[in-house]
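Visitor: When you get a sec, could you give me coordinates for this:
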Amino acid sequence: MAWTISSNLKGPSMLRIGRLPAALSTASNNSWLNLFTTELAAQQVLSFSAELYFSSGANNTGLVTTLSGPTAPQSVIYNLVGGESLTTFRNLTATSYDTPLIGTSSAGSSVLRALVSGTVENGANGGNLSLRFRSEMAGTAVTVLRGSWWQVLLH
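Guide: Residues are numbered from 1 along each chain as shown. Here you go, the predicted model:
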């Protein structure tokens, strides 16, 4: 999925900002869709934040997110604070790649917000860092809406 990217940060750090130009949807609970991907060089450190607006095909099907990246990182930590109803949020944290952060409910067709953020200190292997999502329940679609956005700060 192509993101619209822009940056005006000067100096040794670089800020990348993007917006999802079209909604992404999946009803799979075992296959991941990439929300955003950015290149990560060996020994590079970055922080990221993504604000996702999502809805579900059923009240009891939540958004599941994970982070994937190059093998043998020095440090990975990421967090999901996601809406599970119009008044309830879930706060989850992982310290390794490919750990699903599972929102266990939703407000169905009502739009909810999820904030995913974290920091990665890469090791000797370069590659791609990807924020991915899927549905909590097989057969019920979760949709991340157009206008969701992300930013990546390379240190």
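Visitor: make it CA atoms for all contacts and neighbour counts henceforth
Guide: Will do.
Visitor: Where does the prediction get shaky in the protein?
Guide: The chain contains residues with pLDDT under 70 at 1-13.
Visitor: Show residues contacting the lengthiest strand in the chain.
Guide: If you go by DSSP state E, the chain has its longest strand at strand 45-56. By C-alpha atoms under 8 Å, 6 or more residues apart in numbering, the residues outside strand 45-56 that reach it are 62-63, 106-122, 140-155.
Visitor: Distance from that strand to the middle of the chain?
Guide: From the chain centre to the centre of strand 45-56 is a distance of 4 Å (C-alpha atoms, centre = their mean, to the nearest Å).
Visitor: next one: stretch 75-94
Guide: Distance, centroid of stretch 75-94 to centroid of chain: 11 Å (C-alpha atoms, centre = their mean).
Visitor: In contact with G147, which residues?
Guide: By C-alpha under 8 Å, 6+ apart, the neighbours of G147 are 19-22, 53.
Visitor: helix/strand/coil for it?
Guide: coil (DSSP: H, G, I helix; E, B strand; the rest coil).
Visitor: tell me, what residue is most central in this structure?
Guide: Per C-alpha atoms, centre = their mean, the C-alpha nearest to the average position across the chain is that of L131, at 3.9 Å.
Visitor: any idea which helix or strand carries that residue?
Guide: L131 belongs to strand 127-135 when assigned by DSSP states H and E.
Visitor: Which other helices and strands does that strand contact?
Guide: Counting contacts by 3 or more C-alpha pairs under 8 Å, 6 or more residues apart in numbering; DSSP states H and E, strand 127-135 packs against strand 33-40, strand 63-68.
Visitor: partners of the longest one, with directions?
Guide: By that I understand strand 33-40. In the sheet containing strand 33-40, its partner strands are strand 127-135 (antiparallel), by DSSP bridges.
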